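Participant: below are the sequence and a predicted model; questions follow.
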Amino acid sequence: MSFHVLVPDNVHQKAIDILEASDGIRVSAPGKLERAALLAAVADAQALIIRSGVTADAELLAKAPQLKAIARAGVGVDNVDLAAATEQGIVVMNTPGGNTISTAEHTFGLMIALARHIPQGHQSLAEGRWDRKAFSGVELKGKTLGIIGLGRIGQAIAARAQAFEMAVIAHDPYLPPEVAEAVQAPLLPLAEVYARADFLTFHAMVTEETRGMVNADAIAQMKDGVRIINAARGALINSADLAQALGSGKVAGAALDVYETEPPPADHPLIGLPNVVHTPHLAASTSDAQVTVAVEAAQLIVDYLLEGKAANVCNAAVISS
Ligand code: MLT
């Protein structure tokens, strides 16, 4: 008997190579599947390797009675119904370290693009204009960066900001203060970070507490002319409230890599605003990160299916049960 591992997304070939080289594992890697084909393909799968483009919700899990494990080649497991997985005894694992640097670098790129209007300048020149006045920016040096969520990615951003001579402050209710001290990013109450930061970058998971946290109330507590970056999850931001603040000038600019639904609808209130910089969820999309997370995800599945060893478990209750 061999275990069937389904890889219904574009996961790096190195993951497939690891699975194929493992005795007792049969792999099918059809690439990204339409929903109906996906629901059919999971019927006899014992494991899945997914990225953020696959939604492993209760409907999908119900169609996968043999499923034992899901490995997320990436960090966020908001595309997996953890309660339903736990109920079915499916262990969900992620690869939290693999795309830290790519995400931190992309966030930093967004911050510079925002400070210096790089995409707008590019677009203007591409359209035949030579407009130097319209795109005067601000330096990062001497500015305060507020990092909301000082985990791996937040810490990597702190180090890069310090190299640019920014002052770094942070808010993270779950981080031991000594970790923040070690990276010289003092932890402060959220309201104080909002009041002091010239740039704010968000690196939190979406929970009941954080969903829509960047709303009119929060924005009112921020400095006039603050610049906001989000390369974590779109649902952290109330888009209508942010659009209004961008229109009034309370928020000078925003740089976004993520959206509540992806791709965002054509009438999304933030798309196309002159002071907003966008990328289509690219933060982890580097060849380096995609190799690392794919290899880690494949190894997690091999270890779990063949040896019963689980690591990076996101639904710990399934193990105790
Ligand atoms: C992650 O959660 O790892 C990143 O957002 C990248 C992705 O979803 O593909």
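Facilitator: Received the coordinates, thanks.

Participant: state the mean pLDDT of the helix or strand where residue 59 lies.
Facilitator: Assigned by DSSP states H and E, residue 59 belongs to helix 58-62. When pLDDT is averaged over helix 58-62, the result is 98.

Participant: C-terminal to that helix, what's the next element?
Facilitator: strand 69-72.

Participant: give me the buried positions along that following strand.
Facilitator: By neighbour count on 16 or more other Cβ atoms under 10 Å, the buried set for strand 69-72 is 69-72. Placement of C-beta: from N, CA and C, glycine included.

Participant: from these, pick the one nearest the ligand.
Facilitator: Using Cβ to the nearest ligand atom, residue 72 comes nearest to the ligand of the buried residues of strand 69-72, at 7.3 Å.

Participant: give the contact list for that closest one.
Facilitator: Counting by Cβ atoms under 8 Å, 6 or more residues apart in numbering, residue 72 touches 50-51, 79-80, 92-95, 297, 314.

Participant: ok, 10 Å please
Facilitator: Shown in contact with residue 72 (Cβ atoms under 10 Å, 6 or more residues apart in numbering): 48-52, 54, 56, 78-80, 92-96, 293, 297, 300, 312, 314.

Participant: make a ChimeraX selection of the buried ones in the residues you listed.
Facilitator: Command for ChimeraX, covering only those of the contacts of residue 72 found buried under the criterion 16+ other Cβ under 10 Å:
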select :48,49,50,51,52,54,56,79,80,92,93,94,95,96,293,297,300,312,314
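
Participant: let's see which of the contacts of residue 72 end up in helices.
Facilitator: Using DSSP state H, 293, 297, 300 are the members of those that sit in helices.

Participant: my guess is the first one meets residue 93, correct?
Facilitator: No: taking Cβ atoms under 10 Å as the contact criterion, residue 293 and residue 93 are not neighbours in contact, 11.6 Å apart.

Participant: which residues do those two both contact?
Facilitator: Listed as contacting both residue 293 and residue 93 by Cβ under 10 Å, 6+ apart are 49, 71-72.

Participant: what's the farthest-apart pair in the buried residues of strand 69-72?
Facilitator: Longest distance between any two of the buried residues of strand 69-72 is 10.7 Å, between 69 and 72; criterion Cβ to Cβ.

Participant: helix/strand/coil for residue 145?
Facilitator: What DSSP: H, G, I helix; E, B strand; the rest coil gives for residue 145 is strand.
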